[in-house]
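Student: Task: produce atomic coordinates for the following.
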Amino acid sequence: MPHKAVFYASVGPALTLYHLDVDKAALSRQGTVPLPANVQYAWPHPSGHFLYVASSSGGPGSAGAKGADHYLSALRVDPASGELKVHGPSAKLHARPIHMSLDRASAYALTAYNNPSGVSVHRISADGTVGDEVKQDAALDGGIYGHQIRVTPDNKGAILVTRGNAAAGSKPEDPGALKVYGFKDGQLTNRASTAPNGGYGFGPRHLDFHPSLPLAYVSLETQNKLVVYRLANGTLEPQAAFTRETLAEPGKIRGRQAASTLHVHPNGRFVYVGNRASDTVEFEGRKVFPGGENSIAVYAIDPSTGEPTLIQHADVHGIHPRTFSLDPSGRMLVSAQIRPMLVRDGAGEKSVPANLTTFRVGDDGKLTFVNAYEVDTGDAMQFWSGMVALG
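Tutor: Just a heads-up that it's a prediction; the model follows:
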């Protein structure tokens, strides 16, 4: 029986296929394909026939290695099994990509960069291969530390989410912003910049759009908040319509605590936000995890206003859920924890492995933990994961 959807997860440059049993919330590991460099992000073609992958020899973090090799690649997806094969030559990119996505017509691939912060656009050829870069006519406002690029639901605009950088030592804070562009025929134009308080105390990481309401849900990484903006007249309203905490104990920060990605449920009734903690402290000569929240925050969405109400924090049974995704039916969620880490265990310590954890999604949107699958990451990280509906 053909699979309706599959799941992929990366460790370094290797991208592994997993088959799904949605009824059992189970994963079955299949084959692995190598990419030209470490996988940074991937985005499926809506037909299910292709997967586009941004990869880089650079590393994460505002002080991470820039790297020398950066690519945008197309992979063909087998419609029955989900197996991946390289589809045409990769396009070389000018800097480390951190995110990429397709426009609504799947005619262009947009790639976000964090250092230097900005965005590029490539054509998608009729055969699904990556085409030439579209040279931009406008000098674009790229903000500071771009982290995501998404095209608006009407396909007439795009939003570059720029996180900025928290203050560190003697280095002051860099402000964050949501850079709103016009988008037509592959060309981006500056339209607006949403940056409350000049972007200070505002560190957006990722956004997702409601499937029917004119709303964008945004995670604030450094503030551990979920904010909601209304879309109107081709841009975002300057003030958030709603702001909510993502943490169960926002007053008990034990180390670096950061909101990660977020996804609106396909039915528009719920939104999910990842909470990450992965700092270390010295303990008897070893670096160990001091504690923190590693969870998925679940919110119910008011069907008329879009207002989110926190209803659950689901423990991911691992450390640092950088990515997670919902299957197309919205009945299963998989969270990917990036690396193993030592934690205190009585007078000693023990290792918590990198893993993939699966959850059932109830009719009320709440998550029920089902399985944890250990992943050997070696010296790399489980950096990206995602679902693909097969064509």
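Student: Looking at residue 285 now. What's its pLDDT?
Tutor: Per-residue pLDDT puts residue 285 at 83.
Student: Ignore what I typed, I meant residue 282.
Tutor: pLDDT, residue 282: 87.
Student: What count of nearby residues applies to it?
Tutor: By other C-beta atoms under 10 Å, the residues close to residue 282 number 9. (C-beta placed from N, C-alpha, C; glycine too.)
Student: do residue 59 as well
Tutor: 13.
Student: Return the residues in contact with the nearest residue to it once chain neighbours are set aside.
Tutor: In space, and not counting its chain neighbours, residue 59 is closest to residue 65: 4.3 Å by C-beta to C-beta, 6 or more residues apart in numbering. By C-beta atoms under 8 Å, 6 or more residues apart in numbering, the contact list for residue 65 reads 57, 58, 59.
Student: Quick check: the first one touching residue 39?
Tutor: By that I understand residue 57. No - the pair residue 57 and residue 39 does not pass the contact test of C-beta atoms under 8 Å, sitting 11.5 Å apart.
Student: Comparing the two, which shows the higher neighbour count?
Tutor: The residue with more neighbours, out of residue 57 and residue 39, is residue 39; 27 against 16, by other C-beta under 10 Å.
Student: For residue 333, see how far away that one is.
Tutor: 20 Å (C-beta to C-beta, to the nearest Å).
Student: Who are the packing partners of the one helix or strand residue 39 maps to?
Tutor: Using DSSP states H and E, residue 39 falls within strand 38-44. Helices and strands touching strand 38-44, as assessed by 3 or more C-beta pairs under 8 Å, 6 or more residues apart in numbering; DSSP states H and E, comprise strand 5-11, strand 14-21, strand 50-56, strand 97-102, strand 385-389.
Student: Give the partner strands of it in its sheet and their orientations.
Tutor: Strand 38-44 has the following strand partners under DSSP bridges: strand 50-56 (antiparallel).
Student: and the angle for the strand it pairs with with strand 97-102?
Tutor: Put simply, strand 50-56 runs at 160 degrees to strand 97-102, going by axes from the mean of the first three to the mean of the last three C-alpha atoms, to 10 degrees.
Student: now strand 50-56, how far from the centre of its chain.
Tutor: 14 Å (C-alpha atoms, centre = their mean, to the nearest Å).
Student: which residues are contacting that strand?
Tutor: For strand 50-56, using C-beta under 8 Å, 6+ apart, the contacting residues are 8, 13, 15, 35-45, 67, 69-77, 84, 87, 93, 96-100, 102, 109, 111, 124, 128, 130, 388.
Student: Any chance of a ChimeraX selection covering the buried ones in those?
Tutor: Of these, the buried ones go into a single ChimeraX selection, burial set by 16 or more other C-beta atoms under 10 Å:
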select :8,13,15,35,36,37,38,39,40,41,42,43,44,45,70,71,72,73,74,75,76,77,84,87,93,96,97,98,99,100,102,109,111,124,128,130,388
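Student: Adding distance to residue 352 and mean pLDDT, write the helices and strands packed on strand 38-44 out as TSV.
Tutor: Listed next are those as TSV, based on distance: least, C-beta to C-beta, whole Å; pLDDT from 0 to 100:
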stretch	distance to residue 352	mean pLDDT
strand 5-11	17	98
strand 14-21	21	98
strand 50-56	27	98
strand 97-102	26	98
strand 385-389	18	97
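Student: quick one: residue 103 from residue 301, how far?
Tutor: On the measure of C-beta to C-beta, residue 103 and residue 301 end up 25 Å apart.
Student: same deal with residue 248?
Tutor: Taken as C-beta to C-beta, the span from residue 248 to residue 301 is 20 Å.
Student: ok, the two, which is more surrounded?
Tutor: More neighbours surround residue 301 than the other of residue 248 and residue 301, with 24 against 14 (other C-beta under 10 Å).
Student: Okay, that one and residue 150: tell me how far apart.
Tutor: On the measure of C-beta to C-beta, residue 301 and residue 150 end up 18 Å apart.
Student: Over to residue 329?
Tutor: Applying C-beta to C-beta, the value for residue 329 to residue 150 is 23 Å.
Student: Who has more neighbours out of these two?
Tutor: Set residue 329 next to residue 150 and count neighbours by other C-beta under 10 Å: residue 150 wins out with 21 against 15.
Student: Which strand residues bridge the more buried one?
Tutor: residue 159.
Student: Outline the domain layout of the chain.
Tutor: What automatic domain parsing lists as the domains of the chain is 35-193, 203-376.
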